[in-house]
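Student: Any chance you could fold what I've pasted below:
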Amino acid sequence: MTMKLTRRRGIVALAVLVLVAAWAGISYATNTPPFKKPRGTIEASELCPSFGTSQEAADILNRILPYATSYRFPLEEGTPRGLDHQDVDYSTRCYVQGGGRLLTLRTYATGGESEKEWQQTVRDIVFSGPAEPFDAGRWAFTTSTRKAAAVYSACLSDPDTDLSTYIKLRDPAPADHLDDLRRLAEIAAEQAHEDARCTVPADTPKK
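Tutor: Below is the predicted model of the structure:
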């Protein structure tokens, strides 16, 4: 009787060990507690050119992007402005990857739009909510979903050319970091204004 009881206890103990080992393996493989891997960190030196090398931008990205074990910036796409002062073709496109595309940053040359027309153009691209203006460039807004922010900047007077910069997030920015999203768009717009060799202040009123 004692031998049978001992054997039964041994079988139970072995079954428990197998279950614990299986649970540990699944937890590790699926990155769930207690084996969840540390969150990745974005350094200023890793940013795409559209953010420059701004430590402030890197800090904001670390606050507003969703959890990922690592973040990556694929090679930036775009068309730099030519040396001829009449050449106004300018565009950039930057992405942040981390278990999927987490952020898109785009700037392109434009002009002749009213504020309402520009807002509608950007909202059609980012498929986000109503515009909520904030103070940056000539015009700026975030969307009510906290998934996009955009800045419209004056750039050249001859020929009359402006820049539209927008950030699109896969996931909404945390509610207490809306100002971070706005500031990130402003940093990108400021960098674009410099890279496009703009000659008028970004907040120059529309003629």
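Student: Where does the residue nearest to the spatial centre of the chain fall, secondary structure wise?
Tutor: Nearest to the mean C-alpha position of the chain, counting by Cα atoms, centre = their mean, stands Leu103 at 3.2 Å. Assigned by DSSP states H and E, Leu103 belongs to strand 101-110.
Student: What angle do strand 101-110 and the helix or strand following that strand make with each other?
Tutor: Next helix or strand after strand 101-110 toward the C-terminus (DSSP H and E): helix 115-126. For helix 115-126 against strand 101-110, the angle by axes from the mean of the first three to the mean of the last three Cα atoms, to 10 degrees is 140 degrees.
Student: mean confidence for helix 115-126?
Tutor: Across helix 115-126, pLDDT averages out at 94.
Student: quick one, helices of this structure?
Tutor: Here the chain has its helices, by DSSP state H, at 2-29, 55-64, 115-126, 178-195.
Student: ok, now which ones touch the residue nearest to the centre of the chain?
Tutor: Leu103 is in contact with Leu61, Leu65, Tyr95, Val96, Ile167, Lys168, Leu169, Arg170, counting by Cβ atoms under 8 Å, 6 or more residues apart in numbering. Backbone N, C-alpha and C define where each C-beta goes, glycine included.
Student: what about 10 Å?
Tutor: Leu103 sits next to 61, 64-66, 71, 73, 94-97, 167-171, 184 when contact means Cβ atoms under 10 Å, 6 or more residues apart in numbering.
Student: Sheet partners, orientation included, of the strand holding Leu103?
Tutor: The strands that strand 101-110 pairs with in its sheet are strand 91-97 (antiparallel), strand 160-169 (antiparallel) (by DSSP bridges).
Student: hey, which of those strands is tucked in deepest?
Tutor: Among the strands paired with strand 101-110, strand 160-169 has the highest mean neighbour count (mean count of other Cβ atoms under 10 Å), at a mean of 24.
Student: How far away from the center of its chain is it?
Tutor: How far strand 160-169 lies from its chain's middle: 15 Å, per Cα atoms, centre = their mean, to the nearest Å.
Student: for stretch 141-161, the distance to its chain's centre please.
Tutor: Centre to centre, stretch against its chain (Cα atoms, centre = their mean), the figure for stretch 141-161 is 16 Å.
Student: Buried residues of it, list them for me.
Tutor: For stretch 141-161, the neighbour count (16 or more other Cβ atoms under 10 Å) marks 141-143, 146-156, 161 as buried.
Student: swap in stretch 118-137?
Tutor: Neighbour-count burial for stretch 118-137 [16+ other Cβ under 10 Å]: Trp118, Gln119, Val122, Arg123, Val126, Ser128, Ala131, Phe134, Ala136, Gly137.
Student: got the domain boundaries for this protein?
Tutor: What automatic domain parsing lists as the domains of the chain is 1-36, 44-195.
Student: and those domains as TSV, adding distance to Ala202?
Tutor: Formatted as TSV, the domains of the chain follow (distance: least, Cβ to Cβ, whole Å):
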stretch	distance to Ala202
domain 1-36	42
domain 44-195	4
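Student: Identify whichever of the strands paired with strand 101-110 lies nearest to Ser114.
Tutor: With Cβ to Cβ as the criterion, Ser114 lies closest to strand 160-169 of the strands paired with strand 101-110, at 11.7 Å.
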